[in-house]
Every structure is written in structure tokens, then in C-alpha cells.
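here is my input, please return the structure:
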Amino acid sequence: MRIVHYQPQLLARDSGTVNAGRGWAEAMARSGSDVLALVDRSTAERPAPEGVEVVGLRHSLRGAMRFPRAASQALRGADIVVLHGGWFLGNIIVGRACVREGVPFVVTSHGAYAPEVFETRVATKRLWAATLERPHLRRALAVHVFFAEQASQVRRLGVDLPTIVAPNGISVPESARWDGGSGGYLLWLGRFHPVQKGLDLIVRAVAGMPASQRPEVRLHGPDWRGQKAIVRDLVRELDVEHWIRIGEPIYGDEKWELIRRAAGCVFPSRSDACPVAVSEAAAVGVPTLVAGYPLGDFLTSQKAAVRVEHEPSSIADGISFLTSVEAPELGAQARSVARQSLSWEAVTRSWTVQLSSILAQGQQESGVRLG
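Numbers count the residues shown, from 1 in each chain. As a prediction, this is how the structure comes out:
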């Protein structure tokens, strides 16, 4: 099967969504598919994903309006096209090119249709949904969501289409095993979007604890629209600079070393879908704190994470649990669940089986052939 991914930032610097897209492309290539990725050549900073052919397309305009030129030619010969994310013109343009070329496409949402996302710039989103996003989704063969409850997010847009349910997979070095927390710190990794990621809640939770019980907390990741400074200001305002360290993004071996030596990981996002950092922490076996997003709920249902509410006091209680004698058992269960249910091999197999079923079901009506 020839699978074409369109994700403009696929060769750009690390981010959760970009790394997830690279992971899917590589995993599909390892499973035997012929995989091509279409990218925005102006953003290239990294090599191509392993086993994946990459074609750089020239793009025009900026931000959500940025779109590729001459996408149709690159789609020829494809059996299926995967479009990543939502709410930007590039996907609309490539989706229309798929229709012209007679190639079915799947939209991997990456949580783009969560209510919290739609509530940002509501008037603009409503206009975009009515004129662009809704017609775009209705042309799709299916939408790929990470967990079943996310399917309702697409239906709320007035779109009812088949769903592929498969979470992001994880690739963790075998040597990356929790060492019991020799570093003594709690760790958060991600993009510095304080409201979405709940960073303000972490800071307020630590500030609300007695000084003698406050843990060291390390926050590492790239800035997002200057929001890192807001977190720094809050840390200073609440006088917890002694306990909370704000660091730069970390990658590769340094990242895995920081994770495996953490006493625990904290991810109280207000809105998220399947954050890669959470899966990685679980797979390493680090006791992990989560909130009520799909991956967090899944791990909690498997007794593989401690779940908290979006309140500083609840997060403070969760932090206390991470340093308790019960925490290592939680970490061991997290490692087992992640390795069994979140491996790239497992999730790619599930994705392929579900896609084949959808294609077979619509074969007589659409004339789509499974290559």
C-alpha cells in the first residue's frame, strides 16, 4: 500500500504533534507500506523519518492560511492520504486535490476538534467550520482519533463519518528504565502553553504546600508565543523559585536520562489528547500524574497513573502520592500497559486493520481499491 502523509512541519524541530506524525510515518514504513511524506521545505531542520521518502513542496502565505503549491502531482499513485491536524488551509487544499485525483484521505485530528480548541476564537472558528472545515471533513474517508470518546468531537461539528481509533505509539530505548527516582525531582516536558498544559496549576500546587514538603520540579520545553515568561513571572510572584526550575527543551539521550531519574512526572493538562511525553514517561516506568484527557483517562483505567482534578489542591495531593511508598507499583504497571498497548507495532496494526475494513465496506460504492 502506498501511503502519503501531508504534515508541513514533519522535518521541523521537535514538538509533540510533529514527533507523533514522524512516528506514524516510520511505523507504517516498518510494517511494509510504501510511505511518502509531503512537507513544507522551508521548515526543514531534521532528516527524513527512517524508511520514508520525503518531497518538499513550496508553500505560500503564513500561519493557518499557509498552503502548498502543486500538491496534486505528488498524490498520484497513492492508495491513501493522511492529513494531520485541523483548522489550517493546507489540509483543505490537499483534501481537495485528493478528491480531484480520486484518492481517499484520512484526517488524523491530533485533538484539533476538542471543545477547548473550538472555544478559542469562537467567531472565527464558526465561520471557518461552516465554510471550510465541515465540507473538508465530509469529503474524508474517515477520521483518525486516538481514543473513542474523541469521535463525538467531530460529530459536534455536524460531520458523521467512519472512525479509526488508535493512539499514538511510543519508541523508547530498552535502556530507558526508571531507576527509582535518583534525581529526586518531579518532571514536566512539553510546550510552554501554561493554560492548556496546566503549568499554572503545577506552580500554584507547589506554592500551596508547606515549604518543608515542596518537591523540586523541573519544567522543560520550547516557548510558545512568549508564554514561558508568564510561567517565570508566576514562579517569582508566588516565591517558589527555590523549588521550580524552568529549563530549555531537551532531546535524545539527555531527555531519556532526565525521565528515568525523575521521582515522578506531572502532566495536569486542561486540554490534551494523547501527549507523547505522557506515554514516554509511562513506558519508562516513572510514576505519573495525569488529568482528565483521553490518554490520562486510559492510563487511570488501567491503574497505571494517578489522576487529579484541575485544582492546585488536587494536584498537591497527587504530588504527595508520587513520593509515597505506593508509587513504584504504579510506575511498574504504567510500563507494562504502555509497552503492551502503546507500541508502534500494536497501534499501526490496529490502524491498518480498521482502515482496510472501512475501505472494503465502501469499495462497491466508491470504487476504491486497496493497493
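
the closest residue to Glu26 other than its chain neighbours: neighbour count?
Excluding its sequence neighbours, the residue lying closest to Glu26 (C-beta to C-beta, 6 or more residues apart in numbering) is Pro49, at 4.5 Å. Glycine gets a C-beta too; all of them are placed from N, C-alpha and C. Residues lying near Pro49 (other C-beta atoms under 10 Å) number 23.

how close does Pro49 sit to Ala37?
7 Å (C-beta to C-beta, to the nearest Å).

re the thing from before, correct me, but the residue nearest to Glu26 touches Trp24?
No. The pair Pro49 / Trp24 is not scored as a contact, 9.0 Å apart, by C-beta atoms under 8 Å.

from what I see, Val154 and Val143 are in contact.
Yes. Counting by C-beta under 8 Å, Val154 does reach Val143; the two are 5.2 Å apart.

who touches both of the two?
Common contacts of Val154 and Val143 (C-beta atoms under 8 Å, 6 or more residues apart in numbering): 109, 137, 161, 163.

residue contacts, the first one?
Under the criterion of C-beta under 8 Å, 6+ apart, the contact list for Ser109 reads 85-86, 143-145, 150, 153-154, 273.

where along the stretch 201-350 of the chain do the helices fall?
228-237, 252-260, 276-284, 294-301, 312-322, 327-341, 344-366 (DSSP state H, counting those that start in this stretch).

tell me which of those is the most buried.
Among the helices of the stretch 201-350 of the chain, ranked by average contacts under mean count of other C-beta atoms under 10 Å, first place goes to helix 276-284 (a mean of 27).

run through who's touching that one.
Contacts for helix 276-284 (C-beta under 8 Å, 6+ apart): 16, 19-20, 23, 167-170, 172, 176-178, 187-190, 256, 259-260, 262, 265, 267, 288, 290, 295-296, 299, 304-305, 334-335, 337-339, 342.

out of the helices and strands in the protein, which is least certain?
Ranked by mean pLDDT, DSSP states H and E, the weakest helix or strand in the chain is helix 115-118, scoring a mean of 81.

give the buried residues for the next helix or strand after that one.
Per DSSP states H and E, the first helix or strand lying C-terminal to helix 115-118 is helix 122-128. Using 16 or more other C-beta atoms under 10 Å as the test for burial, helix 122-128 gives 125, 128.

can I get helix 122-128 in PDB, CA atoms only?
Output in PDB follows, covering the C-alpha atoms of helix 122-128 (Å, rounded to 0.1, in the frame of the first residue of the first chain):
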ATOM      1  CA  VAL A 122     -15.100  31.200  18.500                       C
ATOM      2  CA  ALA A 123     -16.400  33.600  15.800                       C
ATOM      3  CA  THR A 124     -13.500  32.800  13.500                       C
ATOM      4  CA  LYS A 125     -13.800  29.000  14.200                       C
ATOM      5  CA  ARG A 126     -17.600  29.100  13.500                       C
ATOM      6  CA  LEU A 127     -17.100  30.800  10.100                       C
ATOM      7  CA  TRP A 128     -14.200  28.500   9.200                       C
END
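
much appreciated, bye for now.
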